[in-house]
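In: the sequence and its predicted three-dimensional model are supplied below.
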Amino acid sequence: MNGCLTGFKLNESVRFARSLESAGIAYLSVMGGTYESFFLPDIVIKSKKTGYMVDLAAAVKKEVGIPVITAGRISTGSLAESILEEKKSRFNRTGASSVGGPGMA
Ligand SMILES: Cc1cc2nc3c(=O)[nH]c(=O)nc-3n(C[C@H](O)[C@H](O)[C@H](O)COP(=O)(O)O)c2cc1C
């Protein structure tokens with residue numbers, strides 16, 4: 001997001017999500033962060049917690065009808081299952097966590 005140092009706020013993300021849904025996209029993957037995020041201490045601290053994007057994904061999911069995917073240090077199978085059981089997302093994905101977190105291997 002050039003020229004938008006702090007990125008979207010949640011209410012802006014929800015509006016954007018609704019627009020994308022109206023335009024006909026099949027699903028949303030709720031994730032945040034760019035190279036510039038490493039200079040925002042709040043984001044860096046938050047991103048060290050397991051499931052740090054889940055509540056934001058859940059807030060977006062409440063507002064749209066299409067499937068929502070979340071990610072962000074979903075480092076164990078039990079965390080992934082609880083996110084699905086609590087219907088905070090429809091799917092979870094994992095990137096670095098599956099490499100560094102033997103619980104997901
Ligand atoms: C501080 C920070 C910086 C990030 N920078 C980038 C980036 O430059 N490009 C990108 O595609 N994703 C970026 N992300 C998003 C991560 O790639 C995302 O957290 C990852 O897909 C989740 O992996 P995990 O589920 O294994 O934790 C960033 C996230 C954070 C918290």
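Out: All right, it came through fine.
In: tell me who's in contact with residue 69.
Out: Counting by CB atoms under 8 Å, 6 or more residues apart in numbering, residue 69 makes contact with 27-30, 57, 89-93. Any C-beta I mention is one placed from the backbone N, CA and C, and that applies to glycine too.
In: can we see that at 10 Å?
Out: 27-31, 57, 61, 89-93 (CB atoms under 10 Å, 6 or more residues apart in numbering).
In: nearest to residue 16 among these?
Out: Checking the contacts of residue 69 against residue 16 with CB to CB, the nearest one is residue 28 at 9.3 Å.
In: distance of the residue lying closest to the closest one once chain neighbours are set aside from residue 59?
Out: Distance criterion CB to CB, 6 or more residues apart in numbering; nearest residue to residue 28, sequence neighbours excluded, is residue 68 at 5.0 Å. In this view, residue 68 and residue 59 are 10 Å apart by CB to CB, to the nearest Å.
In: those two - which one has more neighbours?
Out: More neighbours surround residue 68 than the other of residue 68 and residue 59, with 23 against 17 (other CB atoms under 10 Å).
In: spit out the contact partners of the more buried one.
Out: By CB under 10 Å, 6+ apart, residue 68 lies in contact with 17, 27-30, 57-62, 87-91.
In: in strands, which of those residues fall?
Out: Filtering these for membership in strands, criterion DSSP state E, returns 28-30, 91.
In: now the common contact residues for residue 68 and residue 59.
Out: Going by CB under 10 Å, 6+ apart, residues that sit against residue 68 and also against residue 59 are 17, 30, 88.
In: this completes my enquiry, with thanks.
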